[in-house]
Structures are given as C-alpha cells and as structure tokens.
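Q: Here is the input, now give the coordinates:
(2 chains)
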Amino acid sequence: MYPKFEYFTEEDVDLYYEMCATFHKLHLIKTNRKKLFSVNCHSICRALVMFYGTDTLTLCDGYISEVVVHPRSKEKVHGMGIHSWLKTNAGSILDPYPVGMYSVCPVFVANAGDESEIIKARYVEDPSQLDDPEFFDVDSVSEQAYYQVARLEEVTGKTRASSTWIS
Amino acid sequence: MFVSKITQDNVTESDRNLIIEMFDFLMETYEHLTKTQKERSSSRVSYNCHSICRALNMFYGDDVFSLHDGSYRGMTQTVNDGKDALQWEACLHSWLKTGSGSILDPYPVGILNPYPILYVNGGQDAAVVNSHFYEEPIYHYENFDKRSIASSAYWLLYGFQEVSGKKAQQCSWRVASPN
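A: Prediction:
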C-alpha cells in the first residue's frame, strides 16, 4: 500500500482515484468546441461540485498565501493569488488546478499529519476575493463551468448531481 | 488534466512526457511490491521521499534525474497572545531535478498524490513554488535512517526493474545527494 494513504479516509482515496480516472479520460478526448476560452480554477471547481454534488464536495473560494524568501534580496515576500479549490467531507483539500504545478491528477492535501499543515496553511478561505469583476467574471466562469460539467458527463456516462449554479 | 497556460509554458515537453510515463509506472510498481511482499509473507517495507528519490535516480540515471536533499519549508499561521502570527515550518525532504532543471517531486510533502508533481521552472510562479525547496546536507540528521532508506530504495529499485523489464542505469548507493 502506498504509505500516505493512512492519512486519508477510505472515502477520500476512492474519490481521488475516481477523479484521477475521469481526468485521464478528459485528457484523452478532444473538444468539438470551436470557441476557445481559458480554463481556470473557479470554473473547474464549480463544474466538479455540480457533477459530484454538494454532499461530496464543498466549494472554497479565497486565495493562496505564500511567504517566501526572495532569491536575491533574501527578504521575506508575502505573495497571494486568488484561487478556488474543493474540500471533501473529511476536510481534505482537493485542488484540481494547482498553482505552478504540473500534475496528471488533482493535488490532494491531507487533513491529518504534521506535514500537511505546511500545505494547508496556504489555502486561505475568503469569498470576498471574488467580488472584483476584474478577477472573477461570472458570465465567463459559468459558461466554462457548464461546458466542463457536460464534458464530465460525456466521459463518465454519469449524470451531474446538480445543475444549480454556485456563485 | 487541467493545467494553466502559464504552467504549460514553463515546463518542457520532455518533462511533461516523463510525468505521464511515470503516472502508471509508479502505481504498478507499488502494487507489484505490495503483492510480492504478501506472497513472500515478508514484513512491510515502508517508503519515503529519500528512498523513492534514490531509487528513481538509480533507475533513470543522472542524465534524467539528479538527486537533491534538504528541507521543504513553508509558513503556517498560528495564534500568539490572541494575534495571528506566521511561523516557519520545515521537514527533511528529498526531490529530483530533471535535465531542464525543473523540480520533480515523487513524494510531495503533505500531499497524497502517488504520482510525481512537476514544478514550473519559469514564469511568475516559479520563484514561489521553488523557494519551498531548500538544499542542504541531511544525512547527519538522526531521523535520516541510512540503513532503512537503503533497504527500501533497493526494494523499490527491484520493483522498477521487475515492472519495466529494464535494468537500472546505476546501482551505486548514495547516502548523500551529489549536489
């Protein structure tokens, strides 16, 4: 058994693998859509919540908080970026669109174990971050989200849990 | 998979292909080793970042992956005297770098993913994501158990060779990373 599974509930691990398989299928199918738009964390998270349902996943909006040492000046720099992610019922973080990482599957942060605190601390919930239309264009995000839900249905053969828009 | 354009643009195509190739390979190896252990009724060998990185470095060779040791650092938020405070947290860690210089982490801190994560090597996010990895010698630390790490690294290497049907590029043991 992969050692880190001990930090996650069985339900979380099953959901993670199901999601990995779905992402892999999404990667393989080609889109017929002629109009191109940029995909972002807000739309993917909303699509996944609509698909899996709010009983399985909770939508979180806020920002990624990073304190780093600047490579040249050696000064501490506090950076942040608006972000959306998901939480499972066990409280684990599922990030399908992680910042600066290239991963075949969503990034899955444990809700237990000392090491997870370093990662969890970066995810700061603050829905007011999305109040600025410059950063969160509701029309564009909703168009993308509904398109992604339809793709999830296509590759899995399953029906979405809900079509209710979560602003 | 969903990847932003800026992330896509700041990892090389060969590194992306490597990640996709390793996706099934690592899981097959973990499953193969678990099955073999059960068949042999041997005690469970536990893996960690140090042993996985050493095994992958031996299997693929220095031309594909260089081995790096140090700590993974980050800030956590605490409350001191009723006020929010930030404090540094760090843990010993090992990781790899691809030929293009991107960090490839097969056993990322705090993250479940049994698949490696590739970090961007350029663009606006590179300084932030790479600054968590601080290179320093770690083999003198008490919790760097050389004997257990060597045993699990060679066990993993055996699995990589069995699953792939290929021989390791090098089998010499490196307690310390060469960098």
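Q: okay but B:L104 is in contact with B:Y115, surely?
A: No: using Cβ atoms under 8 Å as the test, B:L104 is too far from B:Y115 to be in contact (10.7 Å). Glycine gets a C-beta too; all of them are placed from N, C-alpha and C.
Q: list residues touching both of these two?
A: By Cβ atoms under 8 Å, 6 or more residues apart in numbering or on different chains, B:L104 and B:Y115 have these common neighbours: B:I19.
Q: Please identify which of the two sits among more neighbours.
A: B:L104 (23 against 20; other Cβ atoms under 10 Å in any protein chain shown).
Q: which one is the more buried one nearest to, not counting chain neighbours?
A: B:L96 (4.7 Å; Cβ to Cβ, 6 or more residues apart in numbering or on different chains).
Q: Kindly confirm my reading that the one you found forms part of a strand.
A: Yes: B:L96: assigned to a strand according to DSSP: H, G, I helix; E, B strand; the rest coil.
Q: pretty sure it is touching B:G61, no?
A: No: the criterion here is Cβ under 8 Å, and B:L96 misses it with B:G61 at 11.5 Å.
Q: Compare those two (neighbour count), which wins?
A: Ranked by neighbour count (other Cβ under 10 Å), B:L96 and B:G61 place B:L96 first, with 24 against 13.
Q: where along chain B do the strands fall?
A: Here chain B has its strands, by DSSP state E, at B:65-80, B:83-98, B:103-105, B:117-119, B:133-135.
Q: ranges for the helices of chain A?
A: A:10-28, A:41-52, A:116-120, A:138-156 (DSSP state H).
Q: How about chain B?
A: So, for chain B - with DSSP H - the helices run B:5-9, B:13-40, B:49-60, B:126-130, B:146-164.
Q: about what we covered before: how near is the residue nearest to B:L104 to A:T22?
A: From B:L96 across to A:T22, the span is 28 Å (Cβ to Cβ, to the nearest Å).
Q: distance of the residue lying closest to A:C20 once chain neighbours are set aside from B:Q87?
A: The shortest distance from A:C20 to any non-neighbouring residue, by Cβ to Cβ, 6+ apart, is to A:C105 (4.1 Å). For A:C105, the distance to B:Q87 equals 31 Å [Cβ to Cβ].
Q: Measure how buried B:C171 is and give me the count.
A: 11.
Q: Spit out the contact partners of it.
A: B:M58, B:L157.
Q: Same question for B:T76.
A: A:E117, A:I118, A:A121, B:L86, B:Q87, B:E89.
Q: and if we set it to 7 Å?
A: A:E117, A:I118, A:A121, B:Q87, B:E89 (Cβ atoms under 7 Å, 6 or more residues apart in numbering or on different chains).
Q: Same question for A:S43.
A: Counting by Cβ under 7 Å, 6+ apart, the residues that A:S43 touches are A:V141, A:Q144, A:A145, A:Q148.
Q: from the residues you listed, which single one is nearest chain B?
A: A:Q148 (8.7 Å; Cβ to the nearest Cβ).
Q: Wait, that closest one touches A:R46, no?
A: No: A:Q148 is beyond contact range of A:R46, at 8.2 Å (criterion: Cβ atoms under 7 Å).
Q: Buried ones only from the contacts of B:T76, please, as a PyMOL command.
A: Remark: buried members of the contacts of B:T76, expressed as a PyMOL selection using 16 or more other Cβ atoms under 10 Å in any protein chain shown:
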select buried, (chain A and resi 117+118+121) or (chain B and resi 89)
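Q: Closest to B:D9 out of the contacts of B:T76?
A: A:I118 (27.1 Å; Cβ to Cβ).
Q: Can you list the low-confidence ranges for chain B?
A: Along chain B, segments meeting pLDDT under 70 span B:1, B:42-44, B:178-179.
Q: Show me what from it comes close to chain A.
A: B:1-5, B:7, B:11, B:16, B:19-20, B:23, B:30, B:34, B:46-47, B:72, B:74-77, B:86, B:89, B:91, B:109-115, B:117-120, B:125-129, B:131 (Cβ under 7 Å from any Cβ of the partner chain).
Q: Output the contacts of B:T76 in JSON lines; the columns should cover distance to A:W85.
A: Listed next are these as JSON lines, based on distance: Cβ to Cβ, whole Å:
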{"residue": "A:E117", "distance to A:W85": "16"}
{"residue": "A:I118", "distance to A:W85": "16"}
{"residue": "A:A121", "distance to A:W85": "13"}
{"residue": "B:Q87", "distance to A:W85": "23"}
{"residue": "B:E89", "distance to A:W85": "20"}
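Q: Count the residues that sit near A:W85.
A: 26.
Q: ok, the residue lying closest to it once chain neighbours are set aside - contacts?
A: In space, and not counting its chain neighbours, A:W85 is closest to A:D95: 4.6 Å by Cβ to Cβ, 6+ apart. Residues near A:D95 by Cβ under 7 Å, 6+ apart: A:W85, A:P106, A:V107.
Q: so how far is A:A145 from the first one?
A: Spelled out, that is A:W85. Distance from A:W85 to A:A145, by Cβ to Cβ: 15 Å.
Q: follow-up on the earlier one: so what's the residue count around the residue nearest to A:C20?
A: Neighbours around A:C105, by other Cβ under 10 Å: 22.
Q: measure it to B:I19 for me?
A: 11 Å.
Q: As JSON lines, the helices of chain B with mean neighbour count would be great.
A: Converted to JSON lines, the helices of chain B look like this (neighbours: other Cβ atoms under 10 Å in any protein chain shown):
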{"stretch": "helix B:5-9", "mean neighbour count": "14"}
{"stretch": "helix B:13-40", "mean neighbour count": "15"}
{"stretch": "helix B:49-60", "mean neighbour count": "24"}
{"stretch": "helix B:126-130", "mean neighbour count": "19"}
{"stretch": "helix B:146-164", "mean neighbour count": "18"}
